[in-house]
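Fold the following.
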Amino acid sequence: MKDFFATQKPRVFAHRGLCLGPAGDSLDENTLAAFAAAVASGVDYIETDVQASKDGVAVLFHDENLNRVLAHPLNPDHLNRPISDFDWIELQGIELKNGGLIPSLEQALTAFGQTRFNLDFKVEAAVSPGLEVILRLGVLNRVLVSAFSEARRLAMLSKLEQSQRKIVATSAGSSVVLKSYLLFLVGWSSRFRKTLVGIDAFQIPTGFFGLNLASKRFIDALHRAGVEVHFWTINSTDEMRQLVERGADGIVTDRADLAIQRFRSPK
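Coordinates of the predicted model:
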C-alpha cells in the first residue's frame, strides 16, 4: 500500500476544502482558510485543483477564470481573463468574495504538513511547476496526482523516475474509466485488469453518460484489480452511507464536517 492510503476508511476528501467557518461563516473554496477548516473538522485528505499563473507558479484554483468567485464590486480588469493571464504577484492581490486569497500549491503543502492532498491538474501548463514543487518539498508520499485527461495524467508520470512512480499515488483519467467499465460490462476480465495497471484509484461520479458506476459488482471488480473507489461529489450523509455499504473506499464531499461526523463519531 502506498503511504497516501495509509489512513482509516472510508477516506473523507474535503472537496476544495470546507467552505464553512467555525462560526458558520462562508469561506472561499480552494483557499488556506477552507483547507484549515477541513483539517479542523478531522479530515486527512484535501481535494484541490492545480493551475499555473502566467509566470509559471502552480496555484490552487478550479475555474478557467475568476468571474464566479471575485469579491464585489467586481474589478473589470479581472473579468473574463483566464488564470494563466495573471502573474503570481497579481493573483496574490485579488480578493475573493468571502475575503480569501488564491494560494500557491507550495503554500498549501507547507502550511498543512500532515495533510494528504488529492491534486487535480486542470491544465497541461500546471504539470511541470506542480511537480517541481512536489519534488522539491519531498512530498510524493502524501499527494495523489490526477487529471480528467488520461494523456495529461500519463504526461505527469512520464516526468518522474521509476522509483518516484512507485511512491506517488494516481487516479484514472476519464477515458480509462469509460474503457474499463465497458470491458467490465462485456466480461473481458483480462483486458479489464490490464487497463488498470499502474492505477491506484478511480475517483468517479456515481453515474457517467448514463452508466451506473456505483454498482457493487463494479466496485468489487475494481477492488479485485487492486484499485480503490472514491465517489464525488457526495453531500448527503445517507448517500455517503449507501456508497460505503456497497464498498466505496472514499467520499469526496463539500461537507467534510458531516462526513467526519457520520463515519468517525462514536456510535
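
Helices along this protein, start to end?
For the chain, applying DSSP state H gives helices covering 32-41, 88-92, 105-111, 127-137, 150-158, 162-165, 174-186, 189-195, 216-224, 237-246, 256-264.

helices or strands up against the helix or strand of the chain with the lowest mean pLDDT?
Scoring the helices and strands of the chain by mean pLDDT, DSSP states H and E places strand 207-208 at the bottom, with a mean of 87. Here strand 207-208 touches helix 174-186, going by 3 or more CB pairs under 8 Å, 6 or more residues apart in numbering; DSSP states H and E. Just so you know, the C-beta spots here come from the backbone N, C-alpha and C atoms, and that holds for glycine as well.

Specify the angle between the helix it packs on and helix 150-158 in degrees.
110 degrees (axes from the mean of the first three to the mean of the last three CA atoms, to 10 degrees).

in helix 174-186, what's buried?
Neighbour counts over helix 174-186 (16 or more other CB atoms under 10 Å) mark Val176, Val177, Leu178, Lys179, Ser180, Tyr181, Leu183, Phe184 as buried.

now the closest residue to the fifth one other than its chain neighbours: how far from Leu185?
Counting by CB to CB, 6 or more residues apart in numbering, Ser180 lies nearest to Thr195, which is 4.9 Å off, once chain neighbours are set aside. As defined by CB to CB, to the nearest Å, Thr195 lies at a distance of 13 Å from Leu185.

Might you list the low-confidence residue ranges for this protein?
By pLDDT under 70, the low-scoring segments of the chain are 265-267.

Just give me the longest strand of it.
strand 45-52 (DSSP state E).

if we look at that strand, which residues are touching it?
By CB atoms under 8 Å, 6 or more residues apart in numbering, the surrounding residues in contact with strand 45-52 are 7, 11-17, 30, 35, 38-39, 58-62, 83-84, 105, 108, 112, 115-123, 125-126, 129-130, 232, 250, 252.
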